[in-house]
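Visitor: pasting the structure only:
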Ligand SMILES: Cc1ncc(COP(=O)(O)O)c(C=O)c1O
């Protein structure tokens, strides 16, 4: 079940989902509007709404479209019991095994199954839960969640799905009948401390811009808004045409890595000072041949998104999803 919500984690849901469509058993999104977009793009895989209906008024559309629902709350169950859709709706029942976000109390599994089974317009596919700490292979909490899930549904019919990307990589016991990768599909590491390359992943997204100015600054010159970086020596600095107006993280600080493709070779150099809306400034000491027009990679091929995210105090998901409409997309092999 490929997670393509959030515009396929910022990669472009229409293109990504169409490319995955024939290789997956289902596509997963957060909301009906996202599902409609995938259908418009020609996708034929079943589409799972990971948060189910967001209001009761969606039930008829969901039934008519044949989308699959995750059922996680009593108000949804009551709405579905009261509905009389033209065709049956397939549902996964979600149990809260410790994430404390969505899902029913595991003790209610048997009762929930009885209620769903009593509705001729509902078809029970199986059981879902979500892992809270699967990105840390050393955290025993995942095993607790697996135990709670297994005990709650022991002997009950239906398929099982537990693992997101972190669960797929770090927790084989979580693989069950269906896995639900998101981040892994996009080539970033879902496990803390494990670089993407060590897992055989390739970045799906590379964000590039260009050097638009190369400057020689004197010792003592303060760079950018707030003058937060002060040159401690005469320095050659470059200005790159990217900023928070493009989705480059505003909180990336001095030292965030940036890859310059200079004529004399590629060099990873540190960012200096604050991120502006349209620009960042970089230290070109280690890229002396850099010149205006050189390609600059902000993350992706050659520069791990995890490293950039860490410097910005965030996660790769956030960077991927945060690109703005000003960024021009080019989909390779699409
Ligand atoms: C229920 C559910 N399953 C799977 C995923 C995919 O997660 P990941 O991108 O960590 O693989 C998500 C994403 O948040 C989710 O909410």
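Guide: Arrived safely. These numbers come from a predicted model, not from an experiment.
Visitor: in this protein, where's the longest helix?
Guide: Using DSSP state H, we find that the single longest helix of the chain is helix 141-152.
Visitor: next SSE downstream of that one?
Guide: The first helix or strand that comes after helix 141-152 along the chain, using DSSP states H and E, is strand 159-161.
Visitor: find the closest residue to the ligand in the stretch 101-250 of the chain.
Guide: Closest to the ligand within the stretch 101-250 of the chain is residue 182: 2.4 Å, counting by CB to the nearest ligand atom. All C-beta atoms are positioned from the backbone trio N, CA, C, and that covers glycine.
Visitor: the closest residue to that residue other than its chain neighbours pairs with what?
Guide: Leaving aside its sequence neighbours, residue 182 sits nearest to residue 3 (CB to CB, 6 or more residues apart in numbering; 3.3 Å). On the basis of DSSP bridges, residue 3 is bridged to residue 28.
Visitor: thought residue 3 was touching residue 190?
Guide: No: with contact defined as CB atoms under 8 Å, residue 3 does not count as touching residue 190 (11.3 Å).
Visitor: okay, domains of this protein per the record?
Guide: Using automatic domain parsing, the domain parsing of the chain gives 51-199, 207-321.
Visitor: pLDDT on the first one, on average?
Guide: Domain 51-199 shows a mean pLDDT of 97 in the predicted model.
Visitor: for that domain, measure first residue to last.
Guide: 29 Å (CA to CA, to the nearest Å).
Visitor: where's that domain relative to the chain centroid, distance-wise?
Guide: Chain-centre distance of domain 51-199: 17 Å, with CA atoms, centre = their mean, to the nearest Å.
Visitor: returning to that earlier point: isn't the residue of the stretch 101-250 of the chain closest to the ligand right next to residue 5, touching?
Guide: Yes: with contact defined as CB under 8 Å, residue 182 counts as touching residue 5 (7.5 Å).
Visitor: hmm, back to that, check which residues of the longest helix of the chain are buried.
Guide: Going by neighbour count (16 or more other CB atoms under 10 Å), the buried part of helix 141-152 is 142, 145-146, 148-149, 152.
Visitor: residues contacting residue 105?
Guide: Contacts for residue 105 were tallied using CB atoms under 8 Å, 6 or more residues apart in numbering; they are 95-96.
Visitor: could you tell me which residues of the stretch 51-200 of the chain lie near the ligand?
Guide: By CB under 6 Å from any ligand atom, the residues of the stretch 51-200 of the chain that approach the ligand are 130, 164-166, 180-184, 190.
Visitor: and the two most separated of those residues?
Guide: The largest separation in those, counting by CB to CB, is between 130 and 184 at 15.4 Å.
Visitor: and the helices in the protein?
Guide: Counting by DSSP H, the helices of the chain are 5-10, 13-20, 32-40, 59-65, 74-82, 109-117, 141-152, 165-170, 305-311, 316-321.
Visitor: among these, which is nearest residue 280?
Guide: Among the helices of the chain, helix 305-311 sits nearest to residue 280 (CB to CB), with 11.4 Å.
Visitor: contact partners of the closest one?
Guide: Residues outside helix 305-311 that contact it (CB under 8 Å, 6+ apart) are 188-189, 195-196, 203, 205, 249, 252-253, 255-257, 298-299, 315-316, 318-320.
Visitor: return the distance of the residue nearest to residue 182 relative to the ligand.
Guide: With distances taken as CB to the nearest ligand atom, to the nearest Å, residue 3 is found 4 Å from the ligand.
Visitor: neighbours of the residue of the stretch 201-334 of the chain found nearest the ligand, how many?
Guide: For the stretch 201-334 of the chain and the ligand, the shortest gap (CB to the nearest ligand atom) falls at residue 317, measuring 6.6 Å. By other CB atoms under 10 Å, 19 other residues sit near residue 317.
Visitor: that one reaches residue 9, doesn't it?
Guide: Yes: if you go by CB under 8 Å, residue 317 and residue 9 touch, sitting 6.5 Å apart.
Visitor: any shared contact partners between the two?
Guide: When CB under 8 Å, 6+ apart defines a contact, the residues bordering residue 317 and residue 9 alike are 182-183.
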